[in-house]
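>>> Please find the sequence and the predicted model below.
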Amino acid sequence: MTVNFTAFNSIASGGRRGRLDLSHRTVETPVFMPVGTAGTVKAVPQDILESLGAEIILGNTYHLYLRPGHEAIRRMGGLHRFISWPHAMLTDSGGFQVFSLSALRKISDEGVRFRSHLDGSSHVFTPEHSMDVQIALGADVIMAFDECTEYPADRARAEKSLRYTMGWARRSLDHFRAHRNEVPWFEESGGRTQSLLGIVQGGMYRDLRRESAERLVEMDFDGYAIGGLAVGEPREVTLEMIAGTLPLLPRDKPRYVMGVGYPDEIELYAKMGVDMMDCVLPTRAARHALLFTRDGRINIKNKQYAEDQGPPDPNCDCMVCRRYSRAYLRHLTTAGEALAATLNSIHNLAFYLGIMRRVRSELETAANAG
Ligand SMILES: [Zn+2]
């Protein structure tokens, strides 16, 4: 398998500047990946994502499988072409949404039977099926099928969950290796394929996390994710799990922490050596009137902003902060105008992407000085 990652600068705390060479784009790391659930980063058009400097976005396998369907997307040339995003993409395995959104789940060694949250129809996801769906969608980076262990989970439950995830990881890898040439853009990319990442689980048990990491590394994935975090545990525990797991993962492959986090967290984790992160927080918070600023979070609906002519974040030079006032964003938000979600989301994404741009530059400076 191809290893498409170069880490070329490291600092003492483990943080590193790197580069992911993917089929549709080279991605500078550490990177924050906006979440484009159903083929859209909610409320934000693709050209604006480009102008914000987003290099890679996520798609959710569960949502796209149910609607419009992975075979329809394959027939249209894959997800990149369907949503007109010629840059890098990553899809999750579908596991997380199956466990968080669908009803009447039945888990076995084989996989998961569930009912759609849209119409109640019955479906089965197995590791093989998750690979088939993700190959049809054709994202540059795809994820092994896993069970995201809930929190809290007692030890017996975490062990059982990990057993599923480890067995499914092996089957995901075998099926991917046998079918990776079926990706829609295989020919036009000159025979390049997707990269498959394994996911470390194990609940909040360090020894289970270690066992999970060691077994995945033995299987030799293209990179490794740490999943099952930010599921309700205290943030010190999240940090402990990340700190305990990172040293177990190969330095020459990308390391991805799924579903994190607040602005200070993504900066901290990046400086510890996490290369990739994704989170719905900037866009979801934006739709709930919460704006991230250099001075902390503000609720733009607050009355104090009713006639505030200042920019949403005085330290931000994004297209929203350059043009609009807090008073106008407050008006749009309280009036329920569609534009509110768009403008609030653009600012929050600019804020998150700006943090990672600064961290990359700090990692370069620190490594050069060291
Ligand atoms: Zn801004």
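Arrived safely.
>>> pretty sure P311 is in contact with R326, am I right?
Yes: here P311 lies in contact with R326, judged by Cβ atoms under 8 Å, at a distance of 7.2 Å. Bear in mind the C-beta positions are built from the backbone N, C-alpha and C, glycine included.
>>> Would you mind telling me which of those two has the busier surroundings?
A direct count of neighbours by other Cβ atoms under 10 Å for P311 and R326 places R326 higher, at 23 against 20.
>>> The ion contacts on the stretch 201-350 of the chain?
With Cβ under 5 Å from the ion as the criterion, the stretch 201-350 of the chain comes near the ion at residues 313, 316, 318, 320-321, 347, 350.
>>> Compare these and tell me which is most surrounded.
The most crowded member of these is H347, carrying 27 neighbours; neighbours defined as other Cβ under 10 Å.
>>> what's the closest non-adjacent residue to that residue?
Distances taken as Cβ to Cβ, 6 or more residues apart in numbering place V320 nearest to H347, at 4.4 Å, with adjacent residues excluded.
>>> Quick check: that neighbour touching P312?
Yes: counting by Cβ under 8 Å, V320 does reach P312; the two are 6.2 Å apart.
>>> Let me see the contact set for the residue of the stretch 1-150 of the chain found nearest the ion.
Distances between the stretch 1-150 of the chain and the ion by Cβ to the ion are smallest at L52, namely 9.9 Å. Going by Cβ atoms under 8 Å, 6 or more residues apart in numbering, L52 touches 318, 346, 349-350, 353.
>>> about what we covered before: what sits in contact with each of V320 and P312?
In contact with both V320 and P312: 329, 347, using Cβ under 8 Å, 6+ apart.
>>> Where do the helices of the chain begin and end?
According to DSSP state H, the chain carries its helices in the segments 46-52, 61-66, 70-75, 79-83, 95-101, 127-137, 155-179, 206-219, 235-245, 263-272, 281-287, 319-323, 326-334, 338-369.
>>> Of all those helices, which one comes closest to S189?
Minimum separation from S189 across those (Cβ to Cβ) falls at helix 79-83, 10.6 Å.
>>> Okay, and the beta partners of I226?
Taking DSSP bridges as the rule, I226 bridges to V200, V257.
>>> State the distance from it to G198.
Counting by Cβ to Cβ, to the nearest Å, the gap from I226 to G198 is 10 Å.
>>> any idea which residue sits dead centre in the protein?
For the chain, the residue lying nearest the average C-alpha position, counting by Cα atoms, centre = their mean, turns out to be D278 (3.2 Å).
>>> so that residue touches F32, yeah?
Yes: here D278 reaches F32: they are 7.2 Å apart, a contact under Cβ under 8 Å.
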